[in-house]
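Participant: requesting a structural model of the entry that follows:
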Amino acid sequence: IINTVRQNWSMAQWSSRSEMLRVVFALVFLGAIISLLAFIIDTTASNLFEVTLYLTGLGGAAESWWKHLLGFVVFHNFLVVLGVIITAHVSPISAGSGIPETKAILAGFEVPEFLTLRTLFAKSTGVILMIGSGMPVGKEGPFIHAAAIVGHQAMALSRRVFPQEHNSPRAGGGSLRGEKHDERRHAMLSAAASVGVSSAFGAPIGGVLFCVEAASQIYFVAHYWGAFVAAAAGAFVARILHENEYTVFTPSFEKTPYERWELLAFAVLSILCGLLGGVYVRMFSCIHSMKMWAKIRVMAADEGDRGTFDGLLNELKNCLYRFINNKYSWSIFVATLCALTTFGIGDYMRLGMREALDDLFSDDELSEGDSRHGIKWGNDHESVLVNLCLFTMVTSFTSVLAIGLPVSNGLVTPCFVIGACLGRLVGETLEYISYEVVPGGYAIVGAAAFATAVTGKLSIGIVVSELTSQLSYSIPVLGAVLIGKAFGEMVSIPIYDQMAKDKHLPHWPEVPPGMLSSSTASYVEHVATLDGGMTMAAVRDLLNDNTDTEFPVVSSSNAETSAFIGSTTRVGIETIVEISEAQGDQQTPLSKYLHNGQLPISYSAPRIPVLSTLNQLCTMFALYHAKRVYVTNSNALVGIVNSEVLHERLSGVGIAIGAAPSVAGRVHGGTGFEDRMSITLDGPAENSSTGTEMVDTGNGEKALASQEIL
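Facilitator: Alright, predicted model coming up:
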């Protein structure tokens, strides 16, 4: 016996170590592949931007200013419209940042076509064309999206190459392979998104933390090490590919390049950047609302009498609405506006986002062409201040238009640029009035504060420190992100939440305090149940009468003595039914297959007591990423709560982000629960003029029914 135990323990240890090695290898490979993809996208976009400058005359190909202008505007529009066309015809879901959709997927919801290879092609091509054209957009969102696609496709390839690892049930019961696959998929997507951020910023530590904040509503600490392994592997590969250019910005400051009194100046700058960051999100929301209003007006357009002045005016309004609503005409308008402002104001406007940040973060003078890239920001100190103001206003307006285009783009990099310009403006102003300060340090603090105010992510402070390879301003930066977030949220919600709201993406909400006492009982549905006393013929009839892919298993059909055991899949049940039919044992009870382990049971199926609150129920769904949660009462199965139904009902009262479908029908409890609870959702309220129905939960207590919520 001792030898057998030792042998089995040794085999279990070897199996565990072997599985761990496979996971580590997969994470390292994933990090390397994503980093290589990010390098290809980044290099292609940078080269395309150089081609754009040369072909449009800014590199010496044209001889007169009007040829410069015409070439720049035409080629600029060509690249932007080409990106919009590819996005619209290949994968419309690839438009935008991709971070809100990734967050929805990691929360357990499905976003159709979001993780396909077609979407990867459209996402990569779109961001290359947008950055290559010189549009004021970033790449962090597209990199996260592309990395998530690579991780998902890697898992899909693994399922095809090693189907027995994912589909075959474990002998002797235990956790199902499908559950293990879902857990691995979630861990892989989390790690992939972390590599995407670290590849975009060149900041592996800050990238992991940013992903935890931006792409996850609830993050599993068990997945944390995997994200760091993948990010470290990606950083190693990126360091090899970029050689001496891995760190994006390399300012050289003293160990403590600021005086104590400057902490007050940093605080004032952080407040300013926080408020303006909130205004930036408000601008984005207003532009989206304008486009939605134009769409509604186009659908409700009235031709009118064109022979009258009112009819002509109405026709002009309809033309304007159609112009705004059409993705191509609106994209041409935004691209032309960006090209004209870029060309007509000054050479510094033609810098790319990375080059502009390099100048603003540096400790060099910006006047007389002393910047890193030899661009004149002004002939003297006064003109530098004026040009910084102009650059801030133009970049803010054009970038908020550009990130709303129906094509792949990111927004953190332009936020860095705007905040850095605000900070540099404050630093140059203090230097102009005879204070000995380092303007580049103010640019770093301003970039951190503004980007945090827009995104609401505190990890921006770590990203900025890694971007600049500087810890000299670590204390001001950490203070800036806290102040920027606080004042930004006074004006508006974070922009990723605003995008999710505009796109009606699902997520599990934070339940308002007034609904915390709402009971889980009001969301319970009936479900077909397997019990140990059922014959295999009865199990076959149950399968024929139901289309469910998952069934709960209870110990007996007696509601008073029955106990919830776990859940099993339809595939597993069909397998044992076919075995019993082949053996001619259709009257055999199901308990036989439960005891010998032939029916795989998931004993870790998510369950919650019937008296739990709505807030606890939503937390359970967010934690398990499950399609259903089983509701129990003293270990007896009451019924289930379906995630889609719950989300729709919460959407109907304006809590969750998503569409608001109608809610109607009658909901009953499951096994043994019909006698204790019957809730009518579409009927009049009982016992209350406010629409609240008291429901007996069976333990002598009362719970509020869902009419209070509705």
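Participant: from what I can see A267 touches G479, true?
Facilitator: Yes - using CB atoms under 8 Å as the test, A267 is close enough to G479 to be in contact (6.9 Å). No exception for glycine: its C-beta is placed from N, CA and C like everyone else's.
Participant: I'd like the next helix or strand past the helix or strand in which V384 is found.
Facilitator: Assessed by DSSP states H and E, V384 sits inside helix 381-402. Next helix or strand after helix 381-402 toward the C-terminus (DSSP H and E): helix 412-432.
Participant: buried set for that following helix?
Facilitator: 412-431 (16 or more other CB atoms under 10 Å).
Participant: same question, stretch 313-332
Facilitator: Buried residues in stretch 313-332 (16+ other CB under 10 Å): 314-315, 318, 321, 324-325, 327, 330-332.
Participant: make TSV out of these and add distance to F49.
Facilitator: Listed next are the buried residues of stretch 313-332 as TSV, based on distance: CB to CB, whole Å:
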residue	distance to F49
N314	44
E315	41
N318	38
Y321	34
I324	29
N325	30
K327	24
W330	23
S331	19
I332	20
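Participant: those residues: which two are farthest apart?
Facilitator: Using CB to CB, the two most remote members of the buried residues of stretch 313-332 are N314 and S331, lying 26.0 Å apart.
Participant: about what we covered before: name the nearest of the buried residues of stretch 313-332 relative to S472.
Facilitator: Minimum distance to S472 across those is 42.0 Å, recorded for S331 (CB to CB).
Participant: quick one: the closest one and I495, what's the gap?
Facilitator: Applying CB to CB, to the nearest Å, the value for S331 to I495 is 20 Å.
Participant: follow-up on the earlier one: quick check: buried residues in the helix holding V384?
Facilitator: Neighbour counts over helix 381-402 (16+ other CB under 10 Å) mark 384-385, 387-388, 390-392, 394-402 as buried.
Participant: state the pLDDT value of M694.
Facilitator: Confidence at M694, expressed as pLDDT, is 36.
Participant: hmm, I was thinking of E315
Facilitator: In this model, E315 carries a pLDDT of 79.
Participant: relative to R322, how far out is it?
Facilitator: In terms of CB to CB, E315 sits 10 Å off from R322.
Participant: can you check F114 too?
Facilitator: From F114 across to R322, the span is 29 Å (CB to CB).
Participant: same question, L269
Facilitator: L269 sits 43 Å away from R322, going by CB to CB.
Participant: burial of the nearest residue to F121 once chain neighbours are set aside, as a residue count?
Facilitator: Nearest non-adjacent residue to F121, counting by CB to CB, 6 or more residues apart in numbering: V90, 6.2 Å away. V90 sits with 16 neighbouring residues when counted by other CB atoms under 10 Å.
Participant: then M135?
Facilitator: A count of nearby residues for M135, using other CB under 10 Å, gives 28.
Participant: quick one: contacts for the closest residue in space to it that isn't next to it in sequence?
Facilitator: Excluding its sequence neighbours, the residue lying closest to M135 (CB to CB, 6+ apart) is A402, at 4.9 Å. By CB atoms under 8 Å, 6 or more residues apart in numbering, the contact list for A402 reads 130, 135-137, 334, 338, 409, 414.
Participant: please redo it, this time with the cut-off set to 10 Å
Facilitator: Listed by CB atoms under 10 Å, 6 or more residues apart in numbering, the contact set of A402 reads 80, 130, 133, 135-138, 331, 334-335, 337-338, 395, 409, 411, 414.
Participant: list only buried entries from those residues.
Facilitator: The neighbour count (16+ other CB under 10 Å) marks 80, 130, 133, 135-138, 331, 334-335, 338, 395, 409, 411, 414 as buried among the contacts of A402.
Participant: can you list residues touching both of A267 and G479?
Facilitator: 445, 449.
Participant: out of the contacts of A402, list just those in helices.
Facilitator: Secondary structure from DSSP state H places 80, 130, 331, 334-335, 337-338, 395, 414 of the contacts of A402 in helices.
Participant: that older thread, correct me, but the residue nearest to F121 touches G126?
Facilitator: Yes - in this structure, V90 is within contact of G126 by CB atoms under 10 Å, at 9.2 Å.
Participant: and E436, that's in a strand?
Facilitator: No - per DSSP: H, G, I helix; E, B strand; the rest coil, E436 lies outside any strand segment and is coil.
Participant: could you pull up phi and psi at it?
Facilitator: Phi and psi for E436, reported as degrees, to the nearest 10, are phi -90, psi 100.
Participant: quick one: end-to-end length of stretch 131-151, please.
Facilitator: Using CA to CA, to the nearest Å, the end-to-end distance of stretch 131-151 comes to 24 Å.
Participant: return the distance of it from the chain's centre.
Facilitator: Using CA atoms, centre = their mean, to the nearest Å, we find the averaged C-alpha position of stretch 131-151 to lie 13 Å away from the chain's own average C-alpha position.
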